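S.K.: everything below, folded, please.
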Amino acid sequence: MTVRLGVVMDPIAHIHFKKDTTLGLLLEAARRGYQLQYMELGDLYLQGGAAKAVMRPLTVRDDPRDWFSLGEPHEGLLSQLLDVILMRKDPPVDTEYLYSTYLLERAEADGCLVLNRPEALRRVSEKLYTAWFAHLCPPSLVSRDGKRLLDFAATHGVAVVKPLGEMGGRSVFKLDPADPNARVILETATCNGSRFVLVQRYLPEIANGDKRILVINGEPMPQCLARLAAPGEFRANLAAGGRGEVRPLTDHDWHIARQVGPVLRELGILFAGLDVIGEHLTEINVTSPTCMREIEAATELGIAGSFFQAIENRLQQRMP
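M.R.: Presented below is the predicted three-dimensional model:
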């Protein structure tokens, strides 16, 4: 049976060819003979309770100068046109993103396999869901009260302030309570007390890398990407200028991943990225985890292959 796979993603023309994990997944799907269909968020719609979309046939190529082409648009019921939908839209996780998960949940109810599962994408907030594993995390606080946040930073010396719905190190601040700009940082981060933020104790171990551990169907991959900050920068995110270094998981990395992975699998998260600094879990990425291509390029790991094998196993279980 030929698998009909649709992907919901950001504009494919603007991706970073060498690093884009979604493209890596699509290339693997093409190698497996899948029929690919392309959608952006605005292509989804709900009519009479049925999830529909405008989609275009997609061809992908492993060519940095010409990596995709699109066919003529057509539209219809997602559940009639597709077997599997990959939700790979990048954050921000705003109201539009959340609304789209409800549309995809209707497609799921009609028989599509949607990954990651829409209900789980709402439940597993990438910054907040670490609270379900607080024993693995650095001291943390979620609040929009400036005084409470500043008191937390004073207690722990230096802290990191993160918006809840962003990615790639966007709008992340290092907060030193002795800095005369500390209150301004918190006013900016919380929009003058109108938005929640996550504050975590600053971890000096970040000098040795912010590790991205990929978890496929609950199982951690044995190699991770340690992201190292650029000179003069405390954020190690690749999008903020960091560089990546592939490393084997440490014993403590395995300890963390083996506690989190099975929980995510039960929720319907087949592809996740855990961020670990030193011996602490700092984030659980489920919207569009990255770093797969960097790890695959430096190792013999077939991460995309493991992901699609998990998909095919689930499709097989659905067959009568």
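
S.K.: give me the helices and strands touching whatever helix or strand residue 317 lives in, please.
M.R.: Secondary structure assigned from DSSP states H and E places residue 317 in helix 303-318. Helix 303-318 is packed against helix 21-31, strand 113-115, strand 210-216, helix 292-298, with contacts defined by 3 or more C-beta pairs under 8 Å, 6 or more residues apart in numbering; DSSP states H and E. C-beta coordinates here come from the backbone N, C-alpha and C atoms, glycine included.

S.K.: from the rest of the structure, what touches the last one?
M.R.: I take that to be helix 292-298. Contacts with helix 292-298, where a contact means C-beta atoms under 8 Å, 6 or more residues apart in numbering, come from 18-21, 23-25, 214, 221, 223-225, 244, 246, 301-304.

S.K.: likewise the third one?
M.R.: Defining contact as C-beta under 8 Å, 6+ apart, one finds that strand 210-216 is touched by 220-221, 224-229, 236-237, 242, 247, 249, 253, 256-257, 260-261, 264, 270-277, 282, 285, 289-292, 295, 303, 306-307, 310.

S.K.: what are the pairing partners of the helix or strand following it, and which direction each?
M.R.: Past strand 210-216, further along toward the C-terminus, the next helix or strand under DSSP H and E is strand 219-220. Under the criterion DSSP bridges, strand 219-220 sits next to strand 210-216 (antiparallel) in its sheet.

S.K.: quick one on the thing from earlier: of the contacts of helix 292-298, grab the buried ones for PyMOL.
M.R.: Of the contacts of helix 292-298, the buried ones can be selected in PyMOL as follows, counting by 16 or more other C-beta atoms under 10 Å:
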select buried, resi 19+20+21+23+24+25+214+221+223+224+225+244+246+301+303+304
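
S.K.: where does the stretch 101-250 of the chain dip in pLDDT?
M.R.: Counting by pLDDT under 70, the stretch 101-250 of the chain contains low-confidence ranges at 167-169, 233, 236-240.

S.K.: now do the strands in the stretch 51-200 of the chain.
M.R.: When assigned using DSSP state E, counting those that start in this stretch, the strands of the stretch 51-200 of the chain occupy the ranges 68-70, 74-77, 84-87, 113-115, 140-143, 159-163, 173-175, 197-201.

S.K.: list the strands paired with the first one, with their directions.
M.R.: Strand 68-70 has its sheet partners listed here by DSSP bridges as strand 50-60 (antiparallel).

S.K.: what do you get for the last one?
M.R.: Strand 197-201 has the following strand partners under DSSP bridges: strand 140-143 (antiparallel), strand 159-163 (antiparallel).

S.K.: just the C-alpha atoms of the last one, please, in PDB.
M.R.: Once non-C-alpha atoms are left out, strand 159-163 reads as follows in PDB (Å, rounded to 0.1, in the frame of the first residue of the first chain):
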ATOM      1  CA  ALA A 159      18.400  33.300  36.100                       C
ATOM      2  CA  VAL A 160      17.200  32.800  32.500                       C
ATOM      3  CA  VAL A 161      13.800  34.300  31.400                       C
ATOM      4  CA  LYS A 162      12.000  32.600  28.600                       C
ATOM      5  CA  PRO A 163       8.700  33.400  26.800                       C
END
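
S.K.: how about residues contacting it?
M.R.: Applying C-beta under 8 Å, 6+ apart, the external contacts of strand 159-163 come out as 127, 149, 152-153, 170-175, 185-186, 189, 195, 197-202, 234.

S.K.: what distance do you get for residue 54 to residue 73?
M.R.: 5 Å (C-beta to C-beta, to the nearest Å).

S.K.: residue 151 now?
M.R.: Distance of residue 151 to residue 73, given as C-beta to C-beta: 54 Å.

S.K.: hey, what's residue 163 bridged with?
M.R.: Using DSSP bridges, the beta-bridge partners of residue 163 come out as residue 197.

S.K.: what's the distance between it and residue 296?
M.R.: Distance, residue 163 to residue 296, using C-beta to C-beta: 30 Å.
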